[in-house]
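> need a 3D model of the following:
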Amino acid sequence: MATLTCPNCAAQVGSDDLICFTCGANLPRLQAAEEDSPLAVTAAQKTVSAERAARGISDTVLRISFPAGNVEVPAGTSVILGRDPAESLVAAAFAGSENVSRRHAVITVDDAGRATIRDENSTNGTFVNGDRLLPGTEVRIVDGDTIRLAADVTGQVVIPRQQSNAAHLN
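Numbering: from 1, shown residues only. Model prediction:
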């Protein structure tokens, strides 16, 4: 798979990502020919990774694979899931789903890489592994969980395993 970069900040992005999770810029949808041309990892990307490590922020990135594209949430950040572009940086993933609220749920990944989801009083509910969340209550999500927004927008949670870092064990 080709390594792609954000045209705004040069951060590494996935080919299915809808936004850059470093700067928040909307990413252009790639054509098949563009997907075959790899772009190199920049020195700026390496610097950002080193700065995150120095601040004690995990390099974990939670990925939710929805049919319309991937939503990625790096450690130390949160993302609003919903249809309203004024509220959600990933609104494009839910544009065709009228039953998803404008501000449906919030995914948060803390500095240590632990992830939670919270329903934002959505009309049609947020579900984790088939169980409906109580509005306003954070629920822990882990690798392999299934998230469903309303009746039919389902995504699979992927949280890559981190390599043990001996420096953090001291």
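
> OK, contacts around the residue most central in space within the chain?
Centroid-nearest residue in the chain: E72, 1.9 Å away (criterion: C-alpha atoms, centre = their mean). By C-beta atoms under 8 Å, 6 or more residues apart in numbering, E72 lies in contact with 14, 17, 21, 61-64. Every residue, glycine included, has its C-beta placed from N, CA and C.

> can I get those in JSON lines including distance to S97?
Putting the contacts of E72 into JSON lines (distance: C-beta to C-beta, whole Å) gives the following:
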{"residue": "G14", "distance to S97": "21"}
{"residue": "D17", "distance to S97": "19"}
{"residue": "F21", "distance to S97": "21"}
{"residue": "V61", "distance to S97": "24"}
{"residue": "L62", "distance to S97": "21"}
{"residue": "R63", "distance to S97": "19"}
{"residue": "I64", "distance to S97": "14"}
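
> what's the closest of the residues you listed to A86?
F21 (18.2 Å; C-beta to C-beta).

> domain parsing for the chain?
The record's domain parsing of the chain by automatic domain parsing lists 1-55, 56-160.

> ranges for the strands of this protein?
Taking DSSP state E, the strands of the chain run over residues 4-5, 12-13, 61-66, 69-74, 77-81, 105-109, 115-119, 126-128, 131-132, 138-141, 146-149, 153-158.

> want to throw these into a markdown table with mean pLDDT and distance to A93?
A markdown table is the format used below for the strands of the chain (pLDDT from 0 to 100; distance: least, C-beta to C-beta, whole Å):
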| stretch | mean pLDDT | distance to A93 |
| --- | --- | --- |
| strand 4-5 | 80 | 18 |
| strand 12-13 | 82 | 14 |
| strand 61-66 | 90 | 5 |
| strand 69-74 | 87 | 5 |
| strand 77-81 | 92 | 8 |
| strand 105-109 | 94 | 12 |
| strand 115-119 | 96 | 15 |
| strand 126-128 | 97 | 15 |
| strand 131-132 | 96 | 21 |
| strand 138-141 | 96 | 17 |
| strand 146-149 | 96 | 10 |
| strand 153-158 | 93 | 8 |
